[in-house]
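1. Everything below, folded, please.
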Amino acid sequence: MKMSIVRASNDEAALLVPTAEGQLALPAVLPRETAYTLERMFRDPRVLEPQERGDLIVRLRQAADLAPHVPEVRVLLGMALCVDLQAQEAMEELRTAVDQNPDCFIARLKFGELLMRLRICDQAAEHTHRAAQLAANAAQSELARKQAAQIRTMLREGIERGGYKGMFSRLTRLGHKSAAQTGEPALVVSK
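-> Below is the predicted model:
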């Protein structure tokens, strides 16, 4: 589904919720230049130059200061920070957005996505499940469903924080078969 961004008429506009015309509504606190850069970032995050990403983050921080009660602006800031590989700051912004409005679909979904990418799968699954419960339409439900499926796959395959350690120990155990398995006598060390 092709989507474009339009400016919403009020501060409490839903973000990333397709309108009837297939457009995304953004809070009115964002200037046109910021909305254009965001649209480019949504299409392909790699097209933004480092200076453009920095400018976008500055403008989104200003917008968050102007409208601290709008969690969607913090979500956009968190997404821009993720694109700029500032995961800790992104996590703080997304956590703030969830704290501001626990019933905000996009805040829950994006916080769950960041946690998933950081391989904190249990918390990611929790936020994604809550986002699925908050979904207001089929498109939102599908986004949450796909993300939940990715998290389940990661959990099943052991790709989670700490999961590599368990996988490494299993691999080393495979290389060291016990004497009973190989049929050879065990080494006896004398004193």
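
2. Helices of this protein, residue ranges please.
-> Along the chain, the stretches classed as helices by DSSP state H are 32-43, 50-66, 71-83, 87-100, 105-117, 121-134, 138-157, 163-175, 179-182.

3. any chance of those helices in TSV, with mean pLDDT and mean neighbour count too?
-> In this view, the C-beta of every residue, glycine as well, is placed from N, C-alpha and C. Below are these laid out as TSV (pLDDT from 0 to 100; neighbours: other C-beta atoms under 10 Å):
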stretch	mean pLDDT	mean neighbour count
helix 32-43	84	16
helix 50-66	89	16
helix 71-83	91	26
helix 87-100	93	19
helix 105-117	93	24
helix 121-134	93	20
helix 138-157	92	15
helix 163-175	51	10
helix 179-182	54	9
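
4. Chain neighbours aside, what residue packs nearest to Gln140?
-> Phe105 (5.7 Å; C-beta to C-beta, 6 or more residues apart in numbering).

5. for that neighbour, what are its contacts?
-> Val17, Ala131, Leu134, Ala135, Ala136, Gln140 (C-beta atoms under 8 Å, 6 or more residues apart in numbering).

6. And the furthest pair within these?
-> The span of these, defined through C-beta to C-beta, is set by Val17 and Ala131 at 12.8 Å.

7. what residues are shared contacts of the two?
-> Shared contacts of Val17 and Ala131 (C-beta under 8 Å, 6+ apart): Phe105, Ile106, Gln140.

8. and of those, the nearest to Pro45?
-> Among these, and counting by C-beta to C-beta, the member closest to Pro45 is Ile106, at 16.9 Å.

9. how close does the closest one sit to Met91?
-> 16 Å (C-beta to C-beta, to the nearest Å).

10. where's the residue nearest to Gln140 relative to Val83, distance?
-> Taken as C-beta to C-beta, the span from Phe105 to Val83 is 21 Å.

11. Please render the contacts of Phe105 as TSV that adds distance to Asp55 to the earlier fields.
-> Formatted as TSV, the contacts of Phe105 follow (distance: C-beta to C-beta, whole Å):
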residue	distance to Asp55
Val17	26
Ala131	30
Leu134	32
Ala135	33
Ala136	32
Gln140	30
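
12. which among the residues you listed gets closest to Glu157?
-> Closest approach to Glu157 among those (C-beta to C-beta): Ala131, at 22.4 Å.

13. I'd guessed that closest one sits against Arg108; true?
-> Yes - assessed by C-beta atoms under 8 Å, Ala131 is found in contact with Arg108 at 3.8 Å.

14. Please tell me how far Lys110 sits from Cys104.
-> 10 Å.

15. So for the two, which residues contact both of them?
-> What both Lys110 and Cys104 touch, as defined by C-beta under 8 Å, 6+ apart, is the set Val75, Ala97.

16. isn't Ala80 right next to Leu56, touching?
-> Yes - assessed by C-beta under 8 Å, Ala80 is found in contact with Leu56 at 5.1 Å.
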